[in-house]
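> sharing a model that was predicted from the sequence below.
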Amino acid sequence: MKIEVREYGAARVVDLTGDVDLGTSPELRRTLFHLLEVAPKLAVNLRALRYIDSSGIATLIEVLKDARRLGKQFVLFGLSPAVEDVFRLTHVNRIFQVFETEEEAVATA
């Protein structure tokens, strides 16, 4: 998995590439929790993600819960077809704000 972080106004956009699994989810968790400390909004780009397992989903849910506790925004966008299938099958698409484009994700208040 590759993680790249960009600033988009006050938000941070996190571009993920590759696979999020038991081996890579701890790094993702550390990165996202650190970014919650410094930005009012995180938008995670899942367009280039080939695979996500239950540990990756658990990481995203943990970050979402912490963002809500801190009064910050945590949104996802650009779900790849593989990730979209996993989200739909596990019903987590109901708990996240999911957008098609980066512009939509960052523009939401």
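Arrived safely, thanks for sending.
> okay, the spatially most central residue of the chain: pLDDT?
A centroid search over the chain (C-alpha atoms, centre = their mean) returns residue 44, at 3.6 Å, as the residue closest to the centre. pLDDT, residue 44: 98.
> helices or strands up against the helix or strand harbouring residue 89?
Using DSSP states H and E, residue 89 sits in helix 81-90. Packing partners of helix 81-90 (3 or more C-beta pairs under 8 Å, 6 or more residues apart in numbering; DSSP states H and E): strand 41-52, helix 54-70. All C-beta atoms are positioned from the backbone trio N, CA, C, and that covers glycine.
> buried ones in that helix, by neighbour count?
For helix 81-90, burial by neighbour count (16 or more other C-beta atoms under 10 Å) applies to 83, 86-87.
> hmm, back to that, which one of the helices and strands packed on helix 81-90 lies closest to residue 78?
When the helices and strands packed on helix 81-90 are compared for distance to residue 78 using C-beta to C-beta, the nearest one is strand 41-52, at 3.4 Å.
> name the strands paired with the closest one and say parallel or antiparallel.
Sheet pairing of strand 41-52 (DSSP bridges) gives strand 11-20 (parallel), strand 73-77 (parallel).
> JSON lines for the ones you listed, including distance to residue 54 and mean pLDDT?
Shown next, in JSON lines, are the strands paired with strand 41-52 (distance: least, C-beta to C-beta, whole Å; pLDDT from 0 to 100):
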{"stretch": "strand 11-20", "distance to residue 54": "10", "mean pLDDT": "97"}
{"stretch": "strand 73-77", "distance to residue 54": "16", "mean pLDDT": "97"}
